[in-house]
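Peer 1: Any chance you could fold what I've pasted below:
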Amino acid sequence: MNTMTQESLHNSRTIESIIEGVATSDGAGVELTRVLTGKLQRRLDPFLMLDAFGSDNPDDYIAGFPDHPHRGFETVTYMLSGLMRHRDSAGHEGLLGSGGVQWMTAGRGVIHSEIPEQKDGVMEGFQLWLNLPAQNKMTEPWYRDFPSEQIPEYVTADNTKVRVISGSSNGVSGAVTRQITEPIYLDVHIPAGVTFETAIPDTHNAFIYVYRGGVKVGDVQVDTRQMGILSNTETADSLRITATIEARFILVAGKPLNEPIVQYGPFVMNSQEEIHQTLDDFRSGRFA
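Peer 2: Numbering: from 1, shown residues only. The predicted structure is shown next:
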């Protein structure tokens, strides 16, 4: 457990809007909720997508995500519960377990699969897509698994538990840093009636997603399976949030790239010409 240092904060962001996720399926029929969709990519730049998945019915997840390509962004998979096997065309392989994080940079192109390695029980977690700046879209693919014990954590005096996947919170640095997009990714477990506060740079777009219980930001309630987009205000330097009942939520924030976003399925580039080249490279076997 890490030692926190309470940050000196002044003004909290507020909730700009509440978003309900859209039920869908992906891969070979995995049931999930798409929370951050394409229509929010500009507002929540540099984030492109957030999927939440969770079921104790193997029929909802057992087929997983067979071989599929990516180019131009990063995927961050956070497993709350379950076992997922990753393999890719760059020669990487790993088993992602409960509480662990898989951070993959697709870069110039990779083909990978994510297949559950369990036949029953709960599989629950999130996959977040983080855009790459134009200068890094054709970088070499990179991959790393962080088991649960490698995710930094701290506990406040009020017994709020915070897992710091990326960025920093109250003096505790996360497992991953990125210089340009500067992502913050926290998993916060907060007791009923307790208030938690953490810094968010005013340069960042940010949102919360509540996956247990309910919280309030100011006077606005955010309930289970809802996203709260946080307002962008120059004078707001933090998030101050109170659990109306025992709650768990993720906080995600990042510095926008302010670059063109052109997406074609699993490829995200800056122009249609680059998408055409990506399709040609994929069809010609030029991915890693």
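Peer 1: Could you find the closest non-adjacent residue to residue 220?
Peer 2: Distances taken as CB to CB, 6 or more residues apart in numbering place residue 15 nearest to residue 220, at 4.0 Å, with adjacent residues excluded. All C-beta spots, glycine's among them, are computed from the backbone N, C-alpha and C.
Peer 1: so what's that neighbour scoring on pLDDT?
Peer 2: With respect to pLDDT, residue 15 scores 98.
Peer 1: my guess is residue 264 contacts residue 276, does it?
Peer 2: No: contact criterion CB atoms under 8 Å: residue 264 and residue 276 do not qualify, at 9.1 Å.
Peer 1: These two: which is more packed in?
Peer 2: residue 264 (15 against 12; other CB atoms under 10 Å).
Peer 1: and that one, what does it touch?
Peer 2: Shown in contact with residue 264 (CB atoms under 8 Å, 6 or more residues apart in numbering): 275, 278, 279.
Peer 1: what about burial for these, which qualify?
Peer 2: Among the contacts of residue 264, those scoring as buried are 275, 278 (criterion: 16 or more other CB atoms under 10 Å).
Peer 1: Closest one to residue 258 out of the contacts of residue 264, please.
Peer 2: Nearest to residue 258 out of the contacts of residue 264 is residue 275 (CB to CB; 19.6 Å).
Peer 1: Is that closest one in contact with residue 265, as I believe?
Peer 2: No: using CB under 8 Å, residue 275 is not in contact with residue 265; the gap is 9.6 Å.
Peer 1: what's around residue 108, how many residues?
Peer 2: Neighbour tally, residue 108, other CB under 10 Å: 18.
Peer 1: Wait, a strand at it?
Peer 2: No: under DSSP: H, G, I helix; E, B strand; the rest coil, residue 108 sits outside any strand and is assigned coil.
Peer 1: That one against residue 142, yeah?
Peer 2: No: using CB under 8 Å, residue 108 makes no contact with residue 142, being 10.9 Å away.
Peer 1: residues touching residue 231, list them.
Peer 2: 13, 14, 15, 16.
Peer 1: What's the local residue count around the last one?
Peer 2: So that's residue 16. For residue 16, the count of nearby residues is 15 (other CB under 10 Å).
Peer 1: which strand residues sit across from the residue nearest to residue 204 when sequence neighbours are not counted in the sheet?
Peer 2: Leaving out its chain neighbours, the residue that sits closest to residue 204 by CB to CB, 6+ apart is residue 253, at 4.2 Å. On the basis of DSSP bridges, residue 253 is bridged to residue 184, residue 206.
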